[in-house]
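Undergrad: Next come a sequence and a model predicted from it.
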Amino acid sequence: MLNVKNIQQYYGGSHILRDLSFEVPAGKVTVLLGRNGVGKTTLLKSLMGLVPIRSGSIEFEGRALQGLPPYERARAGIGFVPQGREIFARLTVEENLRMGLASRAAGTPIPPELFELFPVLQQMLHRRGGDLSGGQQQQLAIARALAAYPRLLVLDEPTEGIQPSIIKDIGRVIRRIADQGLGGQKVGVLLVEQYYDFAEELADAYLVMERGEFVARGHGEDMATAGVRQLVAI
Ligand SMILES: Nc1ncnc2c1ncn2[C@@H]1O[C@H](COP(=O)(O)OP(=O)(O)OP(=O)(O)O)[C@@H](O)[C@H]1O
């Protein structure tokens, strides 16, 4: 469903993404691992149109996305959960979720499924985002991305700084979305993660990045035998 071919990206003179090609299939979790600063966030920002690529192609469901602004990529069916969550601290949980509906027709209700996935958000609907714990904010950021019923969910380190019980909840939600879809449609997941055990548990497929290049890739069940933990150990 997402088909990326030969993308190259530069920050000024620094060559950050070096000829990357990969696919993210529907109904599967594809995990991207790598140490700090290898280019994972830059890759996600390139997919979302937040930084320009120099060359290569990004196709989603057969449609070329390169050159389109971020809101059109969101409207095409891609939900993005950025690193650090970036929820609106002064808006309520409900208002944050409504922001996620901005690409849908006016008056579209918040999908009730979101509260099944994250019951805590129902309880906190009228609290300000900034008053939630870090883990609850992360759940809100994921729910906001899901509000528009994306067919591709892109997450940048959702476990960073989150307590273990909420990490488990987030893992269950990611698995459920990949297995059961959302709003009757299949969903592919692209997950950037540094927490190896979480990544291994969820991965149907994996990619390992070093200095802007993929140095290993394969099926999730082969991660242990392929020594991926050592490749990303700090
Ligand atoms: N706006 C920018 N301008 C110039 N260089 C940048 C910019 N953003 C990132 N870089 C550089 O690009 C490289 C890749 O950064 P990126 O944030 O994509 O890595 P990452 O793998 O996501 O790391 P982390 O896990 O720490 O977020 C790094 O060397 C970084 O210093």
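TA: Sure thing, it's come through. Here the structure is a predicted model, which is why all the values come from computation and not from measurement.
Undergrad: Tell me the residues of the chain that contact the ligand?
TA: Tyr11, Ile16, Gly34, Asn36, Gly37, Val38, Gly39, Lys40, Thr41, Thr42, Gln83 (CB under 6 Å from any ligand atom). In this view, the C-beta of every residue, glycine as well, is placed from N, C-alpha and C.
Undergrad: Try it again at 5 Å.
TA: Tyr11, Ile16, Asn36, Gly37, Val38, Gly39, Lys40, Thr41, Thr42 (CB under 5 Å from any ligand atom).
Undergrad: Which two among those are spaced furthest apart?
TA: Tyr11 and Asn36 (15.8 Å; CB to CB).
Undergrad: Same drill for those two, tell me which one is more crowded.
TA: Higher neighbour count among Tyr11 and Asn36: Tyr11, with 11 against 8, using other CB atoms under 10 Å.
Undergrad: Output the longest helix belonging to the protein.
TA: helix 164-180 (DSSP state H).
Undergrad: so whatever helix or strand comes next after that helix versus helix 164-180, what angle?
TA: Using DSSP states H and E, the helix or strand that follows helix 164-180 towards the C-terminus is strand 188-192. Going by axes from the mean of the first three to the mean of the last three CA atoms, to 10 degrees, strand 188-192 is angled at 150 degrees with respect to helix 164-180.
Undergrad: ok now strand 188-192, how far from the chain's centre?
TA: How far strand 188-192 lies from its chain's middle: 5 Å, per CA atoms, centre = their mean, to the nearest Å.
Undergrad: Could you spell out the sheet neighbours of it, each with its direction?
TA: strand 29-33 (parallel), strand 152-156 (parallel) (DSSP bridges).
Undergrad: nearest to Gln139, of these?
TA: strand 152-156 (11.9 Å).
Undergrad: what is the rounded mean pLDDT of the closest one?
TA: Mean per-residue pLDDT for strand 152-156: 97.
Undergrad: Alpha carbons of that strand, as PDB, please.
TA: Extracted C-alpha coordinates of strand 152-156, given in PDB (Å, rounded to 0.1, in the frame of the first residue of the first chain):
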ATOM      1  CA  LEU A 152      -1.700   3.900   7.100                       C
ATOM      2  CA  LEU A 153      -0.600   4.800  10.600                       C
ATOM      3  CA  VAL A 154       2.900   6.200  11.100                       C
ATOM      4  CA  LEU A 155       4.300   6.400  14.600                       C
ATOM      5  CA  ASP A 156       7.600   7.900  15.800                       C
END
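Undergrad: All set, thanks.
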